[in-house]
Every structure is written in C-alpha cells, then in structure tokens.
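Undergrad: Provide a 3D model corresponding to the input given below.
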Amino acid sequence: MKIGLLLPGVLFIAATMIYAAEVPIQKEQKKEISKEEQERQRLENISNLESLPQDSLEQIVQDLSYTELVNLMHASHTLKTRLQPEFDRRQLIGYWETGEIKSDVLKGPTRSVYSVAFLPNGQQLASGSGDNTVRLWDVKTGESIRELKGHTGFVNSVAFSPNGRQLASGSSDKAVRLWDVKTGELIKELKGHAGPVMSVAYSPNGRQLTSSSSDKAVRIWYAVPKK
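TA: Numbers count the residues shown, from 1 in each chain. Reported below is the predicted structural model:
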C-alpha cells in the first residue's frame, strides 16, 4: 500500500474532528454523502492507518498541523499510543519556541562545573565539578541539598538511575562512584578504567551502567548475584 494514497484519508479523519463530522453537499456532483457512508469511510481510513508500519505512519503525519495530529490521535486508542512520541516532540518544540527563556544561577562549586543531570521527577539536580565534588540541588529553591565527597579528581559526568534512587559519577581519578540519592552515602566504587572517566549513563531499565574513558574504552557494568 502506497503511503501517498493514504494521505487524503488521514486529512479526512483529522479535518472532520473525528466524532460529529458533517460532509457538505458536493455541488459539482449534486450528491450528498450519507452519514453512514461517511462513518464507513472514516473507519476504513483508521484501519488502514493502524496497519501501517511505525515509520510509514510517522512519515504521513509530518504534513499534518498540530490540530490535525491531535484529532487523528482521538480517532482510536491504537493511533493515540503510536503517535504519542510525535505529539510529545511537537509539544517540546513549541515550548522552547514560544516560551519565555529564563535562567537561575546555582552557586556553590569552587571550580568549573563539567556535568549536570536532572532527577527523573525533575525535583533535584546533580552537578559534577572541578573541585572533585558532586552536589545535589533543590530545583525549586536553588539551594544545595548535599555535597558528595570522595573523588580525588575532577567529576566529569553525573547520571541518575531511571528510578531516581542512585546517582553515578565519573571522575578523572579513573573511578565511577555510585551514590544513594536519599542518604548521600557511597554504595560502590567501580574501578577498571586506565584513564579519566569522561561520561556515565544508565540503561533504560537501570540494570546496567556504562562509562567511557580517555583510555579509549567503554565499559558496561552490571551486578552479578552472589551464588
């Protein structure tokens, strides 16, 4: 099925507001489309769209306006789920394009700040700096909550676990440290790199942690249950 053939159907669904659409009399044909026929066409178009591969569906909706996209998402639960990423992308773009851009300054580190990361719930912020410390900040108040010490080199990278319970930091001291976000206590120090650790990142499920280093290596860390 060619994508181009489906575009009129997409526009038909989106432009008719999905639920109580009225199709005007086509004067040139002097023929009125019945509500039953209109509904049949709508359901057929929806079915055709639902059967498309994800990349083909995303290609089609690129030409739709924001309003048309929203109307199309209301057509069925399946389309709403599959088009949610595109909706979120447009929401984010619109926020940055039309919103007023402001900034707050968080002061505390005594040397350059090399990395920052938001807690998944957005309430806290972590920073890693050249004074060898990791700091946790309250985003709402801008106040420093806790200072995590232990690294003996610049903290080049910080990253929160997906559940927000752990914080990983990578340092020029060649180590990766795992911290308990709630208590600020050190959970584990991971050693293995032969050079400064430049970045750290958790996997989406939080079960693996990856780190990169100037030693030209990328390491994936994961816990092995004791036998």
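Undergrad: Contacts only, for the residue lying closest to Gln166 once chain neighbours are set aside.
TA: The spatially closest residue to Gln166, leaving aside those adjacent along the chain, is Leu178, at 5.6 Å (C-beta to C-beta, 6 or more residues apart in numbering). Quick note: C-beta positions are derived from backbone N, CA and C, even for glycine. Counting by C-beta atoms under 8 Å, 6 or more residues apart in numbering, Leu178 makes contact with 166-168, 186-190, 209.
Undergrad: hang on, Leu178 in a helix?
TA: No - judged by DSSP: H, G, I helix; E, B strand; the rest coil, Leu178 forms no part of a helix; its state is strand.
Undergrad: pLDDT for the contacts of Leu178 - can I get that in JSON lines?
TA: Conversion of the contacts of Leu178 to JSON lines gives the following (pLDDT from 0 to 100):
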{"residue": "Gln166", "pLDDT": "95"}
{"residue": "Leu167", "pLDDT": "96"}
{"residue": "Ala168", "pLDDT": "96"}
{"residue": "Leu186", "pLDDT": "96"}
{"residue": "Ile187", "pLDDT": "94"}
{"residue": "Lys188", "pLDDT": "94"}
{"residue": "Glu189", "pLDDT": "95"}
{"residue": "Leu190", "pLDDT": "95"}
{"residue": "Leu209", "pLDDT": "95"}
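Undergrad: thinking again about what came up before, for the residue nearest to Gln166, list each beta-bridge partner.
TA: Beta-bridge partners for Leu178, by DSSP bridges, are Ala168, Lys188.
Undergrad: pLDDT value on Ile101, please?
TA: Ile101 is assigned a pLDDT of 67 by the prediction.
Undergrad: got the residue ranges for the strands in the protein?
TA: 113-118, 124-129, 134-138, 144-148, 155-160, 166-171, 175-180, 186-191, 197-202, 208-213, 218-222 (DSSP state E).
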